[in-house]
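Visitor: the sequence and its predicted three-dimensional model are supplied below.
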Amino acid sequence: MDATRDADAEVRLAATTSLEAASPAMRVSALAPLLRDRVRAVRMGAARALSSVPAGSIPEGTRKPLERALAEYEEAQRLSLDMPAARLNLAVVLANRGRTAEAESEYMAALRIDPDFT
């Protein structure tokens, strides 16, 4: 996908979002290089999009960069835990990674902050 190699970081970031519904194989192929992008937001976008790919489908050489980018994503969300959107973002990635108890806790925290948040 050309957008993942665009010189503009905003285009690369948009590509991560547009590929979230693609097949796991396509996401890995297109987004794995972005886990090493010089722009943190692009790395985090790629990590979020790859968070639902089964661990066994992630190539060995991609696993550590993915874990680093997921840690960056989680760290960024934890800076805004007073906002329900950050809690929801964190919950989605945690659920995607099979950390269901933590995800449920974050979902519930989002609803405690704003019971009408959707």
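Guide: On my side now, so go ahead. Residues are numbered from 1 along each chain as shown.
Visitor: helix or strand: which one has the residue nearest the centre of the chain?
Guide: Geometric centre of the chain, nearest residue: residue 48, 1.1 Å, by CA atoms, centre = their mean. Residue 48 belongs to helix 40-50 when assigned by DSSP states H and E.
Visitor: isn't the residue nearest to the centre of the chain right up against residue 73?
Guide: Yes - if you go by CB atoms under 8 Å, residue 48 and residue 73 touch, sitting 6.0 Å apart. C-beta: built from backbone N, CA, C; applies to glycine.
Visitor: quick one: the helix holding residue 48 to chain centroid distance?
Guide: 5 Å (CA atoms, centre = their mean, to the nearest Å).
Visitor: over to stretch 109-118?
Guide: The answer for stretch 109-118 is 21 Å, by CA atoms, centre = their mean.
Visitor: overlap in contacts, residue 48 and residue 73.
Guide: Both residue 48 and residue 73 are contacted by residue 93, under the criterion CB atoms under 8 Å, 6 or more residues apart in numbering.
Visitor: buried ones in the helix holding residue 48?
Guide: For helix 40-50, a neighbour-count test (16 or more other CB atoms under 10 Å) marks 41, 42, 43, 44, 45, 46, 47, 48, 49, 50 as buried.
Visitor: do the same with stretch 31-42
Guide: Residues 31, 32, 34, 35, 37, 41, 42 are the ones in stretch 31-42 that count as buried (16+ other CB under 10 Å).
Visitor: go through those and flag which are in helices.
Guide: Among these, the residues falling in helices (DSSP state H) are 31, 41, 42.
Visitor: low pLDDT regions in this structure?
Guide: 1 (pLDDT under 70).
Visitor: pull the longest helix from it.
Guide: Criterion DSSP H: the longest helix present in the chain is helix 60-78.
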